[in-house]
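Participant: The following block contains a protein sequence and its predicted model.
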Amino acid sequence: MKTLNELFRLVILANELDNNEKAALRFSDPDGVLSGKSGWSFGVCQFDTRNNGESIKCLVDCGFTQGEIHGIVDQTIDVVPLAARLIAHKEIVARYDEAQLGHCVNSVLNFCCEHKLPITDTGALLMLADTVNQYGSLGDGSAKYLAALDGPVTALNVLNMKLTWKYSVASKRGRDDTVRRYKNLIGVVANA
């Protein structure tokens, strides 16, 4: 039987890299249009270099220079040749990924305890952890929404909450991505 962290890694691998583990060791553009909104991303968790301070620490530990890091964050540098450095330091990237995965799961467990949320469903915990990885945290609005439910929180409840968020409402792409992430999670849990 897989641990919660092992299941969560599979969920993130499906949601962030379409189950292509090799993609973790190259840079990708999370919004697909080089907007610079997120910077280049990397790792299984797809660390947004503009929005996640741990990504910068990881790049420093991998030997990237400050100039390279600024180019990665601002999306003003050719990152294709830089992927070799990620590959050469795959153990460092893996260590940061594992820390991020643990952080997301622990954040959800603390969030549920703090707000006294009745969550007994593994899928709901993983769905919330995926939300932390994607957005950085869970806010008071999430706590209020989930606390108002009648009974224990399920993964479907979390999906329905996320479908009310700006990301899902603003575009079909956002809505489809939210549903895709949920379906990936359900598949991982069903095959565990």
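Facilitator: Looks like it came in fine. Computed from a predicted model, the values in this text were never measured in an experiment.
Participant: so where do the strands sit in the protein?
Facilitator: With DSSP state E, the ranges of strands along the chain come out as 41-42, 47-48.
Participant: What pairs with the last one, parallel or antiparallel?
Facilitator: Strand 47-48 has the following sheet partners, assigned by DSSP bridges: strand 41-42 (antiparallel).
Participant: The partner strand: how far from the chain's middle?
Facilitator: 11 Å (Cα atoms, centre = their mean, to the nearest Å).
Participant: before we move on, what about stretch 134-144?
Facilitator: Between the centre of stretch 134-144 and the centre of its chain there are 14 Å (Cα atoms, centre = their mean).
Participant: what does it rub up against?
Facilitator: 15, 51-52, 107-108, 111, 114-115, 117, 128, 131-132, 161, 181 (Cβ atoms under 8 Å, 6 or more residues apart in numbering). In short, each C-beta sits where N, CA and C put it, glycine included.
Participant: Now list the buried members of these.
Facilitator: Neighbour-count burial within these applies to 15, 52, 107, 108, 111, 117, 128, 131, 132, 161, 181; the criterion is 16 or more other Cβ atoms under 10 Å.
Participant: could the contacts of stretch 134-144 be laid out in CSV, adding pLDDT?
Facilitator: Putting the contacts of stretch 134-144 into CSV (pLDDT from 0 to 100) gives the following:
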residue, pLDDT
15, 96
51, 87
52, 89
107, 96
108, 96
111, 96
114, 95
115, 95
117, 94
128, 97
131, 96
132, 96
161, 96
181, 97
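Participant: which residue ranges form the helices in this structure?
Facilitator: Along the chain, the stretches classed as helices by DSSP state H are 4-17, 53-61, 66-74, 83-88, 90-114, 122-135, 140-147, 155-162, 166-170, 172-190.
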